[in-house]
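J.: one predicted model, sequence on top.
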Amino acid sequence: MADRTREQSSCRTTDSEGFDRIWAQIDLDALRFNMESMHDSIQEGTQMVAVLKTNGYGHGAVILMKELEKLPYVWGYAAATFEEAKELRDNGAQKPIILLGYVFSYCYDQLIELGIRPACFRPDMLEQLSLAAERQGSPARIHIAVDTGMGRIGIRPDDEGLRFVDKAIHTPGVVVEGMFTHFAKADESDPAPTHAQIALYQHFAGRIRDELGYEIPICHISNSAGIIEFPEANLNLVRAGITLYGLWPSDEVSRVKVPLKPVMTLYSRIVYIKEAGPGVSVSYGGTYTTSADMTRIATIPVGYGDGYPRSLSGKGYVLICGKKAPILGRVCMDQMMVDVTDIPEAEEGSLCTLIGQDGGECITMEELGDLSGRFNYELACDINTRVPRIPCGGSLG
Ligand SMILES: *Cc1c(COP(=O)(O)O)cnc(C)c1O
């Protein structure tokens with residue numbers, strides 16, 4: 001693996017090791033850097049939850065979990081579905097796992113058995129969890145979801161919400177371990193709506209303390225944008241998502257408060273080069289036709305079937321030998337063509353950087369998102385399962 005990392009800085013041809021068509025290199029040192037960077041900036045005593053939903057935002061949840069498992073300030077993980085959480089458990093995750101969305105009752109017994117904490121906000125969930133806890137002979141630990149401005153799942157922080165919390169506290173077999181809310185606008189420049197959400201949450205937690213006499217053990221609010229911009233919302237835990245991967249929640253979030261390094265680099269190789277005279281059309285629909293006396297066209301064996309956006313047809317570029325090679329015509333499902341006329345050193349087998357740095361040039365996930373009209377989160381999540389994730393770095397042993 002180390003050899004592979006070194007070889008990637010050159011554009012020389014190498015023999016295939018089984019993942020040369022396309023591969024996502026996952027830099028565990030960068031992951032570690034991002035975690036330390038966030039941990040340094042949050043309040044002492046605040047622990048972290050690593051949000052690993054959608055296969056770790058497309059980065060490979062299990063690879064990342066194995067590294068995060070070693071960090072003492074990582075309290076646990078968050079996933080969106082039971083199956084995601086189970087995959088982490090099946091691969092050795094020892095820490096608690098929170099499920100951030102609605103969880104269907106078919107898996108309640110297994111949740112309890114595997115120490116997975118569902119978000120709770122519906123009375124019928126409490127009843128079903130209570131029955132499952134009785135069957136399992138061990139308690140169901142839950143995190144109550146509170147809606148303070150997202151309008152998504154979660155009880156409202158009002159009298160009815162308080163009755164729900166009261167019911168949860170008194171449901172046999174159910175343990176209210178935590179309570180969380182989620183920011184809707186923490187990545188925007190106006191802090192007022194986020195301050196209002198924090199105040200609503202704190203007021204409600206205060207009512208639970210005063211009126212129900214219950215101290216919620218684990219309170220958490222912040223997502224990535226909150227970690228960067230709202231230290232007052234650190235509480236017991238913060239939930240780090242996009243920043244874990246070295247990506248930014250939005251353009252409006254500070255890039256200097258918490259330094260980050262991108263974790264994923266996406267690579268491929270040129271598989272074919274041909275020279276064409278003028279008037280040759282390239283790819284489906286012939287949306288591009290050569291005009292120069294000679295155009296060198298390189299085929300890259302990557303397409304939208306890998307999650308590489310088709311909307312980059314005719315406007316994206318890749319990096320080859322440290323230079324930009326523009327995409328010619330349409331991106332196909334499994335292949336695309338780029339112009340290497342101005343990169344004479346490019347040859348069949350040359351390394352091709354789809355996301356990441358090559359020499360002085362760099363294409364970030366954010367840039368590729370902007371170019372393709374997609375959100376950086378979405379782009380990362382959509383990197384298909386047929387793309388191997390290859391870890392590199394990771395020093396904790
Ligand atoms: C996805 C999610 C997060 C992580 O969000 P980022 O913006 O990636 O940090 C945190 N909390 C909840 C409830 C989520 O759904």
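T.: That came through, no problem. Numbering: from 1, shown residues only.
J.: how near is residue 149 to residue 347?
T.: Residue 149 sits 55 Å away from residue 347, going by CB to CB, to the nearest Å. Glycine gets a C-beta too; all of them are placed from N, C-alpha and C.
J.: spit out the contact partners of the closest residue to the ligand within the chain.
T.: Nearest to the ligand in the chain, going by CB to the nearest ligand atom, is residue 241, at a distance of 2.1 Å. Under the criterion of CB atoms under 8 Å, 6 or more residues apart in numbering, the neighbours of residue 241 are 51, 53, 57, 223-224.
J.: for the longest helix belonging to the chain, buried residues please.
T.: Secondary structure of the chain per DSSP state H: the longest helix is helix 192-212. Within helix 192-212, the residues that qualify as buried are 194, 197-198, 200-202, 204-205, 207-208, 212, counting by 16 or more other CB atoms under 10 Å.
J.: so which bits of the stretch 51-200 of the chain are right by the ligand?
T.: With CB under 6 Å from any ligand atom as the criterion, the stretch 51-200 of the chain comes near the ligand at residues 51, 100, 182.
J.: emit the ChimeraX select command for whichever of the contacts of residue 241 are buried.
T.: Selection of buried members from the contacts of residue 241 for ChimeraX, criterion 16+ other CB under 10 Å:
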select :51,53,57,223,224
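J.: can I get the contacts of residue 241 in CSV including pLDDT and secondary structure?
T.: Supplementary listing: the contacts of residue 241 in CSV, determined by pLDDT from 0 to 100; DSSP: H, G, I helix; E, B strand; the rest coil:
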residue, pLDDT, secondary structure
51, 98, strand
53, 98, helix
57, 98, helix
223, 98, coil
224, 98, helix
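J.: and the strands in the stretch 201-350 of the chain?
T.: Taking DSSP state E, counting those that start in this stretch as the criterion, the stretch 201-350 of the chain contains strands spanning 218-220, 237-240, 264-269, 272-276, 281-282, 288-289, 295-300, 317-320, 323-328, 336-339.
J.: partners of the fifth one in the sheet?
T.: When pairing is defined by DSSP bridges, strand 281-282 lines up against strand 288-289 (antiparallel).
J.: ok, which stretches of the stretch 251-397 of the chain are helices?
T.: With DSSP state H, counting those that start in this stretch as the definition, the stretch 251-397 of the chain shows helices at residue ranges 365-372, 376-381.
J.: how far does the last one sit from its chain's centre?
T.: Once both centres are worked out by CA atoms, centre = their mean, to the nearest Å, helix 376-381 turns out to sit 7 Å from its chain's centre.
J.: wait, is residue 176 part of a strand?
T.: Yes. Secondary structure of residue 176 (DSSP: H, G, I helix; E, B strand; the rest coil): part of a strand.
J.: residues near the nearest residue to residue 35 once chain neighbours are set aside, how many?
T.: In space, not counting the residues next to it along the chain, residue 35 is nearest to residue 71; the distance is 6.0 Å by CB to CB, 6 or more residues apart in numbering. The tally of other residues near residue 71 (other CB atoms under 10 Å) stands at 18.
J.: wait, is residue 71 part of a strand?
T.: No. Under three-state DSSP, residue 71 falls outside any strand and is assigned coil.
J.: just the pLDDT for it.
T.: Confidence per residue is given as pLDDT, and for residue 71 that number is 97.
J.: likewise for residue 178?
T.: Each residue has a pLDDT score; the one for residue 178 is 98.
J.: contacting residues around it?
T.: For residue 178, the residues meeting the contact criterion (CB under 8 Å, 6+ apart) are 98, 117, 142-144, 216-220, 236-237.
J.: surely residue 68 and residue 74 touch.
T.: Yes. Between residue 68 and residue 74 a contact is recorded at 5.0 Å, counting by CB atoms under 8 Å.
J.: which one of these two has more residues nearby?
T.: Taking neighbours as other CB under 10 Å, residue 68 and residue 74 compare with residue 68 leading, 25 against 19.
J.: now for that one: which residues touch it?
T.: By CB under 8 Å, 6+ apart, the residues touching residue 68 are 31, 35, 50, 74, 77.
J.: most neighbours among those, which one is it?
T.: Using other CB under 10 Å as the neighbour test, the contacts of residue 68 are led by residue 77, with 28 neighbours.
J.: would you mind measuring from it to residue 140?
T.: For residue 77, the distance to residue 140 equals 18 Å [CB to CB].
J.: again with residue 242
T.: Following CB to CB, the distance that separates residue 242 from residue 140 is 30 Å.
J.: also residue 163?
T.: Going from residue 163 to residue 140 by CB to CB gives 20 Å.
J.: between those two, tell me which one has more neighbours.
T.: Neighbours per residue, other CB under 10 Å: of residue 163 and residue 140, the larger number sits with residue 140, 27 against 13.
J.: kindly state the beta-bridge partners for the more buried one.
T.: The bridge-partner assignment for residue 140, based on DSSP bridges, gives residue 174.
J.: if we can go back for a sec, beta partners for the nearest residue to the residue of the chain closest to the ligand once chain neighbours are set aside?
T.: In this structure, residue 241 finds its nearest non-sequential neighbour in residue 51, 3.8 Å apart by CB to CB, 6+ apart. As for beta bridges, residue 51 partners with residue 78 under DSSP bridges.
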